[in-house]
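Enquirer: only geometry, no sequence info:
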């Protein structure tokens, strides 16, 4: 066999092995999906067909999932995000960091004080006590780059961020409507 054909064959075998590995990983994750029922947090979410980001967190909502996340209570502020509310326009002298992302940024399974945007704000404040730093958590379970970018353009820029951090996980490549039940999908398509 010619060296070029051998190289093509090796590449094809490597590609087939990689695809098989990804397929096995996908099946394993789908089998484990009932262990991580994001659907139980739907009471915190609301469909937003009037917005390009499709859905968001319901302002003023709260919820607790004792059987899944211990005694964690999720509280949504008046703007529809986890954490305290923030002034708009940004106060003078404040360095503002905006975090967009999915349930990781939101802090699923941890108290607000343990969500990484809050921890980042505390660490930055400790590192530079003379600076006024705010880290806003716009993370929403189920978001992906499309919904994050749409939220940033539509709402995020109104917070006048000096820095935007985007949290990304491989499942962010999924369709954001996968987290809705049939009734929600009908409402969104109307």
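Expert: Done, it's in. Owing to the predicted nature of the structure, the values given are computational and were not obtained by experimental measurement.

Enquirer: could I get the full set of helices for this protein?
Expert: For the chain, helices defined by DSSP state H occupy the ranges 3-32, 66-69, 103-106, 116-127, 145-154, 182-189.

Enquirer: for the protein, which spans come out with low pLDDT?
Expert: Segments of the chain classed as low confidence (criterion: pLDDT under 70) are 1, 8, 29-42, 65-70, 174-190.

Enquirer: just the helices of the chain: most buried one?
Expert: helix 103-106 (a mean of 23; mean count of other Cβ atoms under 10 Å). Bear in mind the C-beta positions are built from the backbone N, C-alpha and C, glycine included.

Enquirer: neighbours of the nearest residue to residue 98 once chain neighbours are set aside, how many?
Expert: Of all residues not flanking residue 98 in the chain, residue 161 sits nearest, at 3.7 Å (Cβ to Cβ, 6 or more residues apart in numbering). As a burial measure, residue 161 scores 21 neighbours (other Cβ atoms under 10 Å).

Enquirer: start the count at 574 instead of 1 going forward.
Expert: Okay, using 574 as the starting number, the last item reads as residue 734.

Enquirer: returning to what we had before: now distance to residue 706 too, for the helices of the chain, in CSV please.
Expert: Shown next, in CSV, are the helices of the chain (distance: least, Cβ to Cβ, whole Å):
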stretch, distance to residue 706
helix 576-605, 36
helix 639-642, 28
helix 676-679, 17
helix 689-700, 4
helix 718-727, 19
helix 755-762, 37
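
Enquirer: tell me which residue lies nearest the centroid of this protein.
Expert: Nearest to the geometric centre of the chain sits residue 675, at 0.7 Å (Cα atoms, centre = their mean).

Enquirer: and that residue, what does it touch?
Expert: Shown in contact with residue 675 (Cβ atoms under 8 Å, 6 or more residues apart in numbering): 712, 713, 714, 715, 716, 717, 740, 742, 744, 745.

Enquirer: good, wrapping up.
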